[in-house]
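Asker: 3D model of this:
(chains A, B, C and D)
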Amino acid sequence: MTLVAERLFMSFGGLLALDGVSLTVPDGGVVGLIGTNGAGKSTVLKAVSGLLRPHRGEIRLRGRPIHHLPAHAVLAAGVAHCPEGRRLFAGMTVEENLRLGGHLRRDRHVAKDMARVYDLFPVLGERRTQRAGLFSGGEQQMLAIGRALMARPALLMFDEPTMGLSPIMIRRILDTIALLRNQGTTILMVEQNALAALMLADHGYVIDLGRTTMSGPGTDLLADPRVRAAYLG
Amino acid sequence: MTSSFVRDRPVTEAPSRREPRPAWRSAPGAALVLLGALSPWASAVIPGGAYPGLATLQFFDAPYLVTGFRLHLLLLGLAALLPRASRAAGAGAAVIALVHIAFLAALGVLSFGGPVTLAGGALLIWLGRREPAPEWKLPSRALAWPILVAAFAALLWAVSAMLTAGGQSRATNPHGGAEFLSFLGFAVGLFGILSAYGVLSWLSALAERHRAFSLTVLLACAMLLPLTEAGTGYWMTVASTIGIYAATAIGLNIVVGLAGLLDLGYVAFLGIGAFTAANLAHVVSFPVAALAGAVVAGLLGVVVGAPTLRVRGDYLAIVTLAFGEIFFRAAQNDIGGLTGGANSIPGIPPITLFGQGFDQPVGGLPAGFLYYALTVLLVAGTMAVLANLKHSRTGRAWLAIREDEDVARAMGVRTGRAKILAFLVGATLAGLAGAVFAHKLGTVGYESFDFSESVTLLAAVILGGMGTVPGALVGASLLFVLPEKLREFSDYRLMLFGLALILIMRFRPKGLVSS
Amino acid sequence: MKSKTTGVLSALLAVVTATGTSACAAGKTETAGSAGGCDTSKGTLVVGVIAPMSGKLSAIGLGIRNSVQLAVDQANAACAVKGYQLAMDAQDDEANPDKGAAAAQRFADDPNVVGVVGSYNSGVARAIQPKIAAAKLLLISPGNTDPVLSRGADFATAPKRQYGNYFRVVGTDDLQGPFNARYMVQKEGKKKLAIITDGKAVGESSATEFAKEAERLGAQIVIREKVNENDSDFSSVLTKVKTLNPEAIFVGSEYHVAGPLSKQARDLGLNVPVSGTDGLFDPQFIALGGKDGDVATSVGAPIDKLDSGKAFVDAYKKKGFSDGYGGFGAFAFDAANVIVASAGKVTASGGWSGGLEQRAELIRQVQEYRTDSGANGTIGFDQYGDSVNKMFTVYKVTSGAWKDVLSDQFEAK
Amino acid sequence: MSTLAQQIVNGLVLGALIGLIALGYTMLYGIVQLINFAHGEVFMVGAFGAHFVSLRLLPADTPWYTALPVMCVTAVAVSVAVAVAVERLAYRPLRGAHKLAPLITALGVSILLQEVVRVFYPGATAPLAFPRAFPDGHLVLGPVTVLWTGVLALAVAPLLAAALHLYVERSRLGRAMRATAQDPETARLMGIDPDRVILATFVLGAALAGVGAVLYGIHYTQIDTAIGFQNGIFAFTAAVLGGIGSIRGAMLGALSIGLVKSLAGQYAWGGAQYDYVWVFALLILVLMFRPQGFLGRPERVRA
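Answerer: Reported below is the predicted structural model:
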């Protein structure tokens, strides 16, 4: 088991954001979280990556508790978080963004990994000295993924990676995620596009009002009439 | 404008999984405090003289009798046995112990009881229970009124005791400073205990429900202050100075606390009101001069507020700082012959009403009472303005701007107009206060309006609690009483003051009265 | 729940009552007995001090405080006020009129206070005067030089005493400014003069009086500029002054401005003497950049030319204060001695009640006070409360130290 | 003409010295949006540290080329130590508090530091003469004279600003600082520890202030406990004028302030007594018409 989250509770100013969410991400698998807006999906990712601290509950990475660690220590432990809205450093170049992705790394393979990102997304390599803010949405998402990869994570978390992209770009990004899975990266992704998420996921969780309401293999959920009614229209 | 980085950190409360601690755990700490209270406080013979030579140290002269600080410690030690009170009582005892250890150390004497009490206090703080205060039901009106009267009477007593603690003269009571700080420690403990049991929030909720009644009683209590031990000409003078700054701070609270516009040059409006009134003092009567001061300050408030249409956030703060500096320099250079420059404007007559000079004593009341009464009314008036605005349409517009200006505009708030209105109201109130300031002091010079005064006012608003009605009053009292009381420490006075600012922000970053 | 509430409330009530009684009980004990062999059975009398003891002027303020402390200690040792112990109560006014006024009110209310030495700043004095007039509290200033304080706004043409309880032991600007001008114009032969002030009352009024006299003597004031007291960089102003080629610069300020200003003038190639009043007369002036040829005038004869002055300096040094006596310590010492001596006379026949009658009597005693053995020589007061000592001395920086050049009685012309 | 040239040089020297303080303000504000009013005091304690080492520890006949580096190192060490202590003890506990709380804390720190130096440093109740640790005398360029210390300030300040700029642009830590300034939350996701970045910012700012303090001391030959506050306000104004967050902007803003103060004293209405008024009037005008300052980014990346 790569990641286990147990009974997470969290509230903001009296509003309960997480109400006992539990989930498990197995090694090498892809887990999808689906749910409506404000269901608490992003909050789960932020709790895992250390941006937020759950009031109660436990998060373990390979058996080691990480819920009390600050974000930089969580990353060092091997969890990278590719945030919603991409959040690139718009004033910096592609290369600087990638270097920031590998900020914690002191090993000699940073350059090699950067070359690998450029292989994965040739457009980034061509424009490596340009400022990230000048890129299109799809290119920005590629850079965001590349940046997350630079940390060589054991677990990679995506928050709405296809949001606001053209259908072609969505295809492209999902293909990339599939490719990463095939290369052995463990993935936890939040998607509003439930169909896409569940197609890709080995296992899915449906989150509603801060609770896990359903879970099961991706294909099972896809077949479930309640899921179809609520999230697939 | 971007939100501050510091706010992006998780805004979570501390995990509260801890089991409630049993009450008996506070017993050892309480026992130590009691032991400390009853033990002699010096173990060494005082150098340079026989032991009785320091008989004025009242905590030496009767080691086993219950007097002064010893009583305070006994009370705190007993209170510490109550489960919720132990942390606050421990803090109070620790403060008292620290003050006395330091005082004795300054005399070159080792303290014996001090460390014992300090250890007890630390133990209480460490082991005491932390949990949210209980909530109490509000009583019926028949019960509420007497309770409020009693509460305000207690407040009056506390204010008077705080002012007079340690006495007035350093020469005749050389350890007055230590007495005052020690009393402050007791007050901290008492305040904390009341708050731990939810009494304070209960009282303030009660006062909020019966607002009109509370304000009347509060006003009456304020007017009774001269009848207490604090009823000397000196404390009347200090209290009316505090009142003037409090009224100004309340005006600033509208600008900063309600509308969220940081103003670093606010004291200029106090100055404009004061100079206007000073120039008119020999020409027209006080009410007219005061009105003129308020109007002129208000108009200049609009001028200063105008950049708010273009400039936001901290940049606005810098613009106001610049305006404040420009005012200061202009006043220093006697611009237009209006400020007297280096010579200031002397000889401003005291306010007279029905032939009664405000600086003269009336009846058995101390001199300065009339100014005190006037400033109490001024403060009450500005508080009423603030309270009414806060709950008005304009007030809601300000709060919306404070939270997020863009959203406010999207919601249809006319932000430009609202912001300028905030400056107008704030400046007018300060101008009014300035007019009283001029007459009370009798002389107005540019030195009274420098940057550090603006900063002090701002500190009053923030320390008291932004946007709250009593906050500015509490803050102003603290900022002007504390240096006055700390006079006993001459050289260390401002140092202690700086330290106090840091500590208050450290432990109550939302201010003493937070909404 | 209900019973718990009542329990808590009654406990609170008990606490409140108990503390109330204790507050009354506190501070009962009194020092009694004897100190140093004198009879002090009647209690303690307080000499107040109001001076700037923090901020830029704290060196001056601390010098004033320490000198008063010295005078009080000497008086206690000599049993100067029979039956009473003397004590000093020094209050910091931060050179701020509001703070000074509050401190003065505190003294006025306290019947144990016999008199106050203070303030240093004329601006603070203006705020204090009306506050303590009704209480008839004696106020002797060691440092106010603004003539308005004693003789009113028309001090030159129609002098009128402003407050009967106000005295000072220093000479006023309308004497010292002209005295300085006479020296610069007549003795040093400077005909083109520049004036730079710091915007404070002392500097402005001495500069104005300096200018009047200098012009009367045929010199020309080529420029008058103002700098900010908190600045360290005066190069801009000095560059401007330099274009007019003055032969000397009169600085209406204190040494912390004048010293660096003198150095910066020379660095810009404007190598002319700087002149000023007693605010410059401090060893720090030279340390901070004052150069040979710079001039300061000060009130009284040189302190080391007088036996009484030397005695003061020696006694001060012996006390081991951490700060020097500064430019005004000797005046504060004299002022305190006036208070002590007069209080001794008033209390000789009976005790001190602190009533208005006695305070008025004390003021009468001060008015009649006269000695030639103050630290600054003659101490006494004219009908306006001003010092009768119109002796001034010119000091000049010579080989890196102040040297007195001439002392003279000032006579108005 | 010669007067104009002289006034320009006067202004540039003052500006260069203020600029070294302004750099600390601009970096810190750029990263934590904190107006650290205590930064001026960090500068002040640096000056006193240098004063102490020179007068108490170095032999009196130490040549200037030995004394000056020792004083600089001491000033930097003292400033950095104080800044780090202040950050750890006063500001760090306030992360997450309301934005104005650190402002009041900064004021408290400012008062505390001034008073601690005034009361405990021997003689600091009055201005102190600063050791002359640089050749006296001046450079004469035609009609213009500049003290050698002024020349030093004019050379060192822009050099340090350039070095800082390079460091922030090129180094790993500099990149982390820029990332934190742009988007603190995402910076944390990159593994950047905000506490370390903020601490590093305090350290860099304090180090520059320490060097500035020595240059200031040897140029004006006197220091007192108030130099931090006045110059701090000027420095902060300079940082805002130049565009807060921008290193080049801070230097540019400081030089402009020096120039305006100097030239306004000579040529503007009211003379030297109104020079501050012109400085602040310029500030208001710039902010009204170019709210982001000279070199500031018009709109920040983050919403």
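Asker: count the neighbours of D:Leu295 for me.
Answerer: D:Leu295: 19 surrounding residues under other CB atoms under 10 Å in any protein chain shown. Quick note: C-beta positions are derived from backbone N, CA and C, even for glycine.
Asker: and it, which of the three is it?
Answerer: coil (DSSP: H, G, I helix; E, B strand; the rest coil).
Asker: in terms of pLDDT, where does it sit?
Answerer: What the model reports as pLDDT for D:Leu295 is 82.
Asker: hmm, D:Leu252 and it touching each other?
Answerer: Yes: between D:Leu295 and D:Leu252 there is a contact under CB atoms under 8 Å: 6.5 Å.
Asker: give the intersection of the neighbour lists for those two.
Answerer: The contact sets of D:Leu295 and D:Leu252 overlap at D:Gly242 (CB atoms under 8 Å, 6 or more residues apart in numbering or on different chains).
Asker: could you report the neighbour count for A:Leu179?
Answerer: If you count neighbours by other CB under 10 Å, A:Leu179 ends up with 11.
Asker: what residues does it make contact with?
Answerer: A:Leu120.
Asker: where does chain B have low pLDDT?
Answerer: Low-confidence segments of chain B (pLDDT under 70): B:1-23, B:40-68, B:108-109, B:167-175, B:487-490, B:514-515.
Asker: what's the single longest helix in it?
Answerer: helix B:415-441 (DSSP state H).
Asker: any buried residues in it, and which?
Answerer: B:415, B:418-441 (16 or more other CB atoms under 10 Å in any protein chain shown).
Asker: B:Ile193 is in what secondary structure piece?
Answerer: helix B:176-196 (DSSP states H and E).
Asker: so which elements touch that helix?
Answerer: helix B:68-79, helix B:86-106, helix B:141-164, helix B:199-209, helix C:2-25 (3 or more CB pairs under 8 Å, 6 or more residues apart in numbering or on different chains; DSSP states H and E).
Asker: in TSV, list the ones you listed along with mean neighbour count.
Answerer: As requested, the helices and strands packed on helix B:176-196 are arranged in TSV below (neighbours: other CB atoms under 10 Å in any protein chain shown):
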stretch	mean neighbour count
helix B:68-79	25
helix B:86-106	24
helix B:141-164	17
helix B:199-209	17
helix C:2-25	14
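Asker: reformat the ones you listed as JSON lines; add distance to chain A.
Answerer: JSON lines is the format used below for these (distance: least, CB to the nearest CB, whole Å):
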{"stretch": "helix B:68-79", "distance to chain A": "31"}
{"stretch": "helix B:86-106", "distance to chain A": "22"}
{"stretch": "helix B:141-164", "distance to chain A": "28"}
{"stretch": "helix B:199-209", "distance to chain A": "16"}
{"stretch": "helix C:2-25", "distance to chain A": "26"}
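Asker: so which of these comes closest to C:Gly289?
Answerer: helix B:86-106 (38.1 Å; CB to CB).
Asker: and the following helix or strand past that closest one, what does it pack onto?
Answerer: Once helix B:86-106 ends, the next helix or strand along the chain (criterion: DSSP H and E) is helix B:113-127. Judged by 3+ CB pairs under 8 Å, 6+ apart, helix B:113-127 is in contact with helix B:27-38, helix B:86-106.
Asker: by how many degrees do the helix holding B:Ile193 and helix B:141-164 diverge?
Answerer: Here helix B:176-196 points in a direction 160 degrees away from that of helix B:141-164 (axes from the mean of the first three to the mean of the last three CA atoms, to 10 degrees).
Asker: what residues sit buried inside helix B:176-196?
Answerer: For helix B:176-196, by 16+ other CB under 10 Å, it's B:176-194, B:196.
Asker: give me the low-pLDDT residue ranges for chain A?
Answerer: A:1, A:233.
Asker: helices of that one, start to end?
Answerer: Taking DSSP H as the criterion, chain A carries its helices at A:41-49, A:71-77, A:94-101, A:110-120, A:122-126, A:137-149, A:167-182, A:194-200, A:218-223, A:225-227.
Asker: run the chain-centre distance for the second one.
Answerer: On the basis of CA atoms, centre = their mean, to the nearest Å, helix A:71-77 is displaced by 15 Å from the centre of the chain it belongs to.
Asker: just to revisit the earlier point, so which other helices or strands are in contact with the longest helix of chain B?
Answerer: helix B:233-252, helix B:267-280, helix B:286-305, helix B:369-390, helix B:393-403, helix B:405-410, helix C:97-109.
Asker: want to throw the ones you listed into CSV with distance to chain D and mean neighbour count?
Answerer: Shown next, in CSV, are the helices and strands packed on helix B:415-441 (distance: least, CB to the nearest CB, whole Å; neighbours: other CB atoms under 10 Å in any protein chain shown):
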stretch, distance to chain D, mean neighbour count
helix B:233-252, 12, 28
helix B:267-280, 12, 29
helix B:286-305, 10, 21
helix B:369-390, 18, 21
helix B:393-403, 11, 19
helix B:405-410, 9, 14
helix C:97-109, 15, 26
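Asker: quick one on the thing from earlier: out of the helices of chain A, flag the one nearest C:Val81.
Answerer: Of those, nearest to C:Val81 by CB to CB is helix A:71-77, at 72.0 Å.
Asker: just give the number of residues close to residue 131.
Answerer: Defaulting to chain A. A:Arg131: 16 neighbours (other CB under 10 Å).
Asker: the intended chain is chain C.
Answerer: Per other CB under 10 Å, the neighbour tally for C:Lys131 reads 26.
Asker: show me the helices in the stretch 151-300 of chain C, by range?
Answerer: C:173-182, C:201-216, C:235-242, C:255-267, C:283-287 (DSSP state H, counting those that start in this stretch).
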